[in-house]
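Asker: when you get a sec, could you give me coordinates for this:
(2 chains)
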Amino acid sequence: MNNVKKILILIHFGLVFITVTHLFELINWNPLSSVVGLYSSYTYANRNFGFFAPTVNEDYVLNLKVYQKNDSLGHPFLLNQPNLESKIRYLTMLWHFSEGNSKSQMDLFARSWGLYCMNTDSAVNQVLITVHKNIIPTMKQFREGKRVTKNLYYQTTIYAKEAE
Amino acid sequence: MLKKLNKLYSSIFKFIEVEKPTYPLLFFRMGLALICIGKLAVLSANYLTFYGQYGLLQWTISKVSNYNFSPHIGDYSLFLAKLFSISPDDAAVMVMKIFFFSCICLFFGLFTKISTFLCFILHLAYINTGSGIVYGVEVFTQLSLFYALFFPLNSTYALDSLIGISQYKKASVSAGIAMRMIQIQMCFVYLSSGIEKCLGKQWLNGEAIWRTFMMPIFNNYNFSWIAFYPFLPLLMGIGVLIIEIGYTYFMWKKNIRVIWLVMIVGLHLGIGILMGMWFFASIMIFLSLFAFGADVISDIAAYRAKEARPVQHYAGLN
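Answerer: Next up is the predicted model:
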């Protein structure tokens, strides 16, 4: 192996090392952070690999209710879940939705879901989006009688724009 | 100081540049192709929901969260839509077919370098387009595809050798370097994962295992009774930490690594069975088997040879 390849290998694992150890955050130097981010976005080799770490986050449930014009009752819009992998993807989407607890991010996701419902069924002109968070009791609380509960986490309504 | 650095540099590459058999590369090539095919096949019923122009996360939104020049299914689809005068959604389906075809070529080792590159760039495009549904399985698949770009995947039982593009090799230094890369990567993965888990209380008091079992989506089996035996999730949580952190050390120890490989495979099989995350379990098992499988097989062969050797008795001398 020539020296160029050897240096590239050392740089590669150097980037992996400074990412997994969060050193680049401690160094806090923008050019380094940019290089780390860019390299990670292509290779996925230098990332934080702490899945379900240090805590296991709660999961969420998404409910979509669609309304047509002059329809006050509405009906549920069911997402196609043919297998467990699809269900896991929906859960992952909800984790990304709630990441950082950013209202603007959640609104962006919600608008996207609303638009998806309207594109799927052109008669729909209003979508009520509700996200519940499953609150899991600790083992001690479970022994005392507490069970998994659903708390309202986010709710919004998306309206179709009226044609001018 | 310079002499010490030179010595360290030489030691590192003496460790990395070892000759190893090439058959694990066959496993890597075929396994990776199958995982890529499987992942997309399972999601194909919801393909346009996850990756379509007006899916759950529209292209305009997923593009904004990436670098301008990052691969994206939307860009390729719009190009193909214009080229073939078809709808963007039909073009997105065409991209899927190109990806499947590349994976099949990779599986058989046909035009391996090109097919590996296509798999790498299209898989990355899928990640960038479906960034809202990405989880660990994408991370490790993309990581594997990145390394695959540099591995001599067509040096063992590949169609490329039949058409004269590559030559079959029983063992090579390149194969050794490939294995070392993944071995080092996996050590980083498990060590950082184990340490990050230790930074919270949940993995140390069993709550992490309990919470995973109680999440409705992972509730394939009823494990609520485990709350009345809290030592069980506690032991399981600590067990996970020991297996992950210990990986970095014990996978380099002859004979002990057999047990550790079995434990790490068992851990991921458990994730697959109990949580239904089969693709994540597959890619993690696949990477560990590629990295250390050949060494473990050598350990077992050496142990068997030692056991088979006849015991020599010496008569005592007066």
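Asker: can you give me the helices in chain A?
Answerer: A:3-20, A:23-27, A:30-43, A:84-98, A:103-120, A:139-143 (DSSP state H).
Asker: so which of those comes closest to B:A91?
Answerer: helix A:103-120 (16.9 Å; Cβ to Cβ). Yep, even glycine has a C-beta here, placed from its N, CA and C like the rest.
Asker: name the residues of that closest one that come out as buried.
Answerer: Using 16 or more other Cβ atoms under 10 Å in any protein chain shown as the test for burial, helix A:103-120 gives A:M106, A:L108, A:F109, A:A110, A:R111, A:S112, A:W113, A:G114, A:L115, A:Y116, A:C117, A:M118.
Asker: can you narrow these to ones near chain B?
Answerer: Among the buried residues of helix A:103-120, the ones lying close to chain B by the criterion of Cβ under 8 Å from any Cβ of the partner chain are A:L108, A:F109, A:S112, A:W113, A:L115, A:Y116.
Asker: adding pLDDT, write the residues you listed out as a markdown table.
Answerer: What follows is these, written out as a markdown table (pLDDT from 0 to 100):
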| residue | pLDDT |
| --- | --- |
| A:L108 | 92 |
| A:F109 | 93 |
| A:S112 | 94 |
| A:W113 | 95 |
| A:L115 | 94 |
| A:Y116 | 94 |
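Asker: for stretch B:83-91, C-alpha coordinates in CSV please.
Answerer: In CSV, the C-alpha atoms belonging to stretch B:83-91 read as follows (Å, rounded to 0.1, in the frame of the first residue of the first chain):
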residue,chain,number,x,y,z
LEU,B,83,-35.5,12.2,-20.7
PHE,B,84,-38.3,9.6,-21.1
SER,B,85,-41.3,11.9,-20.9
ILE,B,86,-42.8,10.1,-18.0
SER,B,87,-44.2,11.3,-14.6
PRO,B,88,-41.8,12.0,-11.8
ASP,B,89,-43.3,9.1,-9.8
ASP,B,90,-42.8,6.7,-12.7
ALA,B,91,-39.3,7.9,-12.9
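Asker: residues in contact with that stretch: which ones?
Answerer: When contacts are taken as Cβ atoms under 8 Å, 6 or more residues apart in numbering or on different chains, the neighbours of stretch B:83-91 outside the stretch itself are B:L48, B:G52, B:Q53, B:G74, B:Y76, B:S77, B:L78, B:F79, B:L80, B:A81, B:M94.
Asker: need the max-distance pair from the residues you listed.
Answerer: Comparing the members of those, the greatest separation, given Cβ to Cβ, is between B:L48 and B:F79, at 17.9 Å.
Asker: settle it for me: which of those two has more neighbours?
Answerer: A count of neighbours by other Cβ atoms under 10 Å in any protein chain shown puts B:L48 above the other of B:L48 and B:F79, at 19 against 12.
Asker: and the one helix or strand that one maps to, what does it pack against?
Answerer: Taking DSSP states H and E as the definition, one finds B:L48 inside helix B:47-51. Of the remaining helices and strands, those touching helix B:47-51 by 3 or more Cβ pairs under 8 Å, 6 or more residues apart in numbering or on different chains; DSSP states H and E are helix B:88-108.
Asker: mind giving me the packing neighbours of the helix or strand just after the helix it packs on?
Answerer: Moving toward the C-terminus from helix B:88-108, the first helix or strand encountered (DSSP H and E) is helix B:112-129. If you count contacts as 3+ Cβ pairs under 8 Å, 6+ apart, helix B:112-129 packs onto helix B:23-43, helix B:59-64, helix B:73-84, helix B:88-108, helix B:136-148.
Asker: and which of the ones next to chain B among the buried residues of helix A:103-120 is nearest to B:Y247?
Answerer: For those, the residue nearest B:Y247 by Cβ to Cβ is A:F109; the value is 36.0 Å.
Asker: pull the number of nearby residues for the residue lying closest to the closest one once chain neighbours are set aside.
Answerer: Distance criterion Cβ to Cβ, 6 or more residues apart in numbering or on different chains; nearest residue to A:F109, sequence neighbours excluded, is A:F97 at 4.5 Å. In terms of burial, A:F97 registers 22 neighbours under the definition other Cβ under 10 Å.
Asker: go on, B:E244?
Answerer: Neighbour tally, B:E244, other Cβ under 10 Å: 25.
Asker: not counting its neighbours along the chain, what's nearest it?
Answerer: Once chain neighbours are set aside, the closest to B:E244 by Cβ to Cβ, 6+ apart is B:G194, at 3.4 Å.
Asker: compute the inter-axis angle for the helix or strand harbouring the one you found and helix B:23-43.
Answerer: Assigning secondary structure by DSSP H and E places B:G194 in helix B:173-198. Following axes from the mean of the first three to the mean of the last three Cα atoms, to 10 degrees, one obtains 50 degrees for the angle between helix B:173-198 and helix B:23-43.
Asker: what packs against helix B:173-198?
Answerer: With contacts defined as 3+ Cβ pairs under 8 Å, 6+ apart, the packing partners of helix B:173-198 are helix A:3-20, helix B:2-16, strand B:20-21, helix B:23-43, helix B:136-148, helix B:231-250, helix B:278-308.
Asker: which residues of the stretch 201-318 of chain B score low on pLDDT?
Answerer: Low-confidence segments of the stretch 201-318 of chain B, defined by pLDDT under 70: B:310-318.
Asker: and it, which of its residues are near chain A?
Answerer: The interface of the stretch 201-318 of chain B toward chain A, taken as Cβ under 8 Å from any Cβ, is made up of B:202-203, B:206-208, B:210-212, B:214-217, B:224, B:226-228, B:230, B:233, B:276-279.
Asker: among those, which are located in helices?
Answerer: Within these, membership in helices is found for B:Q202, B:W203, B:E207, B:A208, B:W210, B:R211, B:T212, B:M214, B:P233, B:W278, B:F279, as judged by DSSP H.
Asker: once you drop chain neighbours, what's closest to the second one?
Answerer: Here the nearest residue to B:W203 in space, its sequence neighbours aside, is B:K197; by Cβ to Cβ, 6+ apart that works out to 4.2 Å.
Asker: so that neighbour touches A:P54, yeah?
Answerer: Yes - with contact defined as Cβ atoms under 8 Å, B:K197 counts as touching A:P54 (6.1 Å).
Asker: more crowded one of the two?
Answerer: Under the criterion of other Cβ under 10 Å, the comparison of B:K197 against A:P54 puts B:K197 first, with 24 against 16.
Asker: could you list every residue that touches that one?
Answerer: Residues A:G50, A:F52, A:A53, A:P54, B:W203, B:A208, B:V240, B:L241, B:E244 are the ones in contact with B:K197 under the rule Cβ under 8 Å, 6+ apart.
Asker: thinking the second one is in contact with B:A208, fair?
Answerer: Same thing as A:F52. Yes - using Cβ under 8 Å as the test, A:F52 is close enough to B:A208 to be in contact (6.6 Å).
Asker: I appreciate the help and will end here.
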